[in-house]
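[1] What follows is a predicted protein model with its sequence.
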Amino acid sequence: MARPGVDFPGVGCGLAVVKDGKLLLCKRLKAPESGHWNIVGGKVDHMEPAADAARREAEEESGLAIHSARFLCLSEQLIDADRQHWVSLIYVSDDFSGEPWLTEPDKLSDIGWYSLDDLPQPLSRFAMDAVHALRQQAMAWP
């Protein structure tokens, strides 16, 4: 069976969850980019709007209830080390309830809030694109 991201470019989604100037990041245990810090996200299912997928994945990975999200940026990841290719729509939200917790310990080893000025390393390419867009957006604010 053909696998998205491995046998053909996959469509992914992510959600940059922000609170008090901090970004929610989780540490990946599996490819692509195992051991890297990432925003919450995953695959877009067939016939699922990407924004809905981003909220669903965020809720599954963090335990938060995401109330709304808006488009942040597009990210394309060509990850040679894992032989994976993803095109991902990234959204941003500060409209949520609950506290994050490690809901998928088989996929993630840590989760927490980090200042954009003091991010854990290494960041995934996906997370780097989100951070870049967040910083660009912040510079545009009055």
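    The structure has been received and is ready for your questions. Numbers count the residues shown, from 1 in each chain.
[2] Which elements pack onto the helix or strand of the chain with the lowest mean pLDDT?
    Taking mean pLDDT, DSSP states H and E as the measure, the chain has helix 125-140 as its least confident helix or strand, at a mean of 91. Of the remaining helices and strands, those touching helix 125-140 by 3 or more C-beta pairs under 8 Å, 6 or more residues apart in numbering; DSSP states H and E are strand 10-19, strand 22-28, strand 37-38, strand 65-79, strand 84-97. Where you see a C-beta, it was placed from the backbone N, CA and C, and this is true even at glycine.
[3] switch to 6 Å and redo it
    strand 65-79 (3 or more C-beta pairs under 6 Å, 6 or more residues apart in numbering; DSSP states H and E).
[4] strand partners of the strand it packs on, parallel vs antiparallel please.
    Strand 65-79 has its sheet partners listed here by DSSP bridges as strand 84-97 (antiparallel).
[5] now the strand it pairs with against helix 125-140, angle please.
    Orientation note: strand 84-97 sits at an angle of 50 degrees relative to helix 125-140 (axes from the mean of the first three to the mean of the last three C-alpha atoms, to 10 degrees).
[6] which residues are contacting strand 84-97?
    Residues from elsewhere that reach strand 84-97, judged by C-beta atoms under 6 Å, 6 or more residues apart in numbering: 5-6, 9-18, 32, 50-51, 54, 64-69, 71-73, 75-78, 130.
[7] between that strand and strand 10-19, how big is the angle?
    Strand 84-97 and strand 10-19 meet at an angle of 30 degrees, taking the same axes, to 10 degrees as the criterion.
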